[in-house]
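>>> this is a predicted model, with the sequence first.
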Amino acid sequence: MQNLLLARSRFVLLILLLDSCRPNDIKNVQFRVRDCTNEVTHWCKSRRLQLNSEKTEAIWVGSLSNLTKLSGADRSLTVSSTTNQPTSVVRDLGILLDDELSMKQHVSKVAAICFYQLRRLLRSVVG
């Protein structure tokens, strides 16, 4: 199974495919993401905008076995001058994506919101 890297910012969503889990592939992806975000930063500055690199999130996506192969490597990403550590869950367009794409957190969150709204409806009907 291929590994994915999703890097999300207010202005950009990057999806890069890795064919293997070797550490030199990780460095290649880090350089590609850094170059791409530098281009976005330059584009924003030319239009008098500012990319908020502190709000940028990154996640490495893959099977559990492939993610464990990457666990010892430095998986941080540099956006502008800020170094971001990858997280296990990111939120994009209201959807919670986890590192195995199982959507467990998203389903739990939606179910909790639904039960909350049902309790509110019940209280308004009953009393």
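Now that the structure is in, tell me what you want to look at. Here the structure is a predicted model, which is why all the values come from computation and not from measurement. Numbering: from 1, shown residues only.

>>> can you mark which positions in the helix or strand N28 falls within are buried?
Element membership for N28, per DSSP states H and E: helix 23-46. If you call a residue buried by 16 or more other CB atoms under 10 Å, then helix 23-46 has these buried ones: D25, I26, V29, Q30, V33, T37, V40, T41, C44. In this view, the C-beta of every residue, glycine as well, is placed from N, C-alpha and C.

>>> ok, E57 - how many residues close by?
Summarising burial for E57: neighbours were counted as other CB atoms under 10 Å, giving 19.

>>> hang on, I meant S63
When counting by other CB under 10 Å, one arrives at 14 neighbours for S63.

>>> ok, R120 next?
10.

>>> quick check: pLDDT value at it.
What the model reports as pLDDT for R120 is 95.

>>> which strands or helices does the strand or helix carrying it pack on?
In this structure, R120 sits in helix 104-126 according to DSSP H and E. Here helix 104-126 touches strand 95-98, going by 3 or more CB pairs under 8 Å, 6 or more residues apart in numbering; DSSP states H and E.

>>> that older thread, can you tell me which of the buried residues of helix 23-46 comes closest to S81?
The shortest distance between S81 and any of the buried residues of helix 23-46, using CB to CB, involves T41 and amounts to 9.5 Å.

>>> any regions of the protein where pLDDT drops low?
Low-confidence segments of the chain, defined by pLDDT under 70, are located at 1-24, 71-73, 127.

>>> re earlier: restrict the helix holding N28 to CA atoms and write it as CSV.
Extracted as CSV, the C-alpha positions of helix 23-46 are listed here (Å, rounded to 0.1, in the frame of the first residue of the first chain):
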residue,chain,number,x,y,z
PRO,A,23,13.8,7.5,5.1
ASN,A,24,15.3,9.1,2.0
ASP,A,25,11.8,9.2,0.5
ILE,A,26,10.7,11.1,3.5
LYS,A,27,13.4,13.7,2.9
ASN,A,28,12.4,14.0,-0.7
VAL,A,29,8.8,14.6,0.3
GLN,A,30,9.9,17.2,2.9
PHE,A,31,11.8,19.1,0.3
ARG,A,32,8.9,19.0,-2.2
VAL,A,33,6.4,20.2,0.4
ARG,A,34,8.8,23.0,1.5
ASP,A,35,9.3,24.1,-2.1
CYS,A,36,5.6,24.1,-2.8
THR,A,37,4.7,26.0,0.4
ASN,A,38,7.5,28.5,-0.4
GLU,A,39,5.9,29.1,-3.8
VAL,A,40,2.5,29.6,-2.1
THR,A,41,4.0,32.0,0.4
HIS,A,42,5.6,33.9,-2.4
TRP,A,43,2.3,34.0,-4.3
CYS,A,44,0.5,35.3,-1.2
LYS,A,45,3.2,38.0,-0.6
SER,A,46,2.9,39.2,-4.2
